[in-house]
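Participant: Pasting the sequence and the predicted model now:
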Amino acid sequence: MCASLKMSWRITLNTSIAAFSARAFLAREAPLESVLHGLACLREVLAEFNYRNLDSEASLAGKNTTTEVLAAEIFQRMAHRIRAGALGDSAQELVSMRVTLHESHIAWAAFEGELTR
């Protein structure tokens, strides 16, 4: 999934599912529908940052709001939504996620981690 922040970054979100679950997941779910749910959820997360002073965000208080810190924050917010079921029940099978923010064609930062239940 890809979306843009108003801060002129490009964001890429990658998720992975356990290999033994992938075939069952694809048999049960409409992959396009799952991607669309994920994109809508990502847009909601990004909207929370648009045109805001990041230093006034409670979850970022006292942190230097670098690209790396922002990637980690987006990861945490997406992970929370996934665990809460915003992407549907099948998203509970996701095992990891990587959020990459691209500042330019050569400058980027990423945060990757496991999705705990």
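Facilitator: Perfect, thanks for sending it.
Participant: I figured R98 hits W108, correct?
Facilitator: No - applying CB atoms under 8 Å as the test, R98 and W108 come out as separate, 11.5 Å apart. Every C-beta, even on glycine, is put in place using the N, C-alpha and C of the backbone.
Participant: Just confirm G62 is within a strand.
Facilitator: No - with the criterion set as DSSP: H, G, I helix; E, B strand; the rest coil, the secondary structure at G62 is coil rather than a strand.
Participant: From G113, how far out is it?
Facilitator: G62 sits 21 Å away from G113 when distances are taken as CB to CB, to the nearest Å.
Participant: what ranges do the helices span in this protein?
Facilitator: Taking DSSP state H to define them, one finds helices in the chain at 19-28, 31-47, 67-83.
Participant: how about the last one as CSV, C-alpha atoms only?
Facilitator: This points to helix 67-83. Taking C-alpha atoms only, helix 67-83 is exported to CSV below (Å, rounded to 0.1, in the frame of the first residue of the first chain):
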residue,chain,number,x,y,z
THR,A,67,11.5,10.4,10.0
GLU,A,68,12.5,7.2,11.9
VAL,A,69,10.3,8.2,14.9
LEU,A,70,7.4,9.1,12.6
ALA,A,71,7.7,5.7,10.9
ALA,A,72,7.6,3.9,14.3
GLU,A,73,4.6,6.0,15.3
ILE,A,74,2.7,5.1,12.1
PHE,A,75,3.6,1.4,12.7
GLN,A,76,2.2,1.6,16.2
ARG,A,77,-1.1,3.2,15.1
MET,A,78,-1.6,0.8,12.3
ALA,A,79,-0.7,-2.2,14.5
HIS,A,80,-3.3,-1.0,17.0
ARG,A,81,-6.0,-0.8,14.3
ILE,A,82,-5.1,-4.2,13.0
ARG,A,83,-5.4,-5.8,16.5
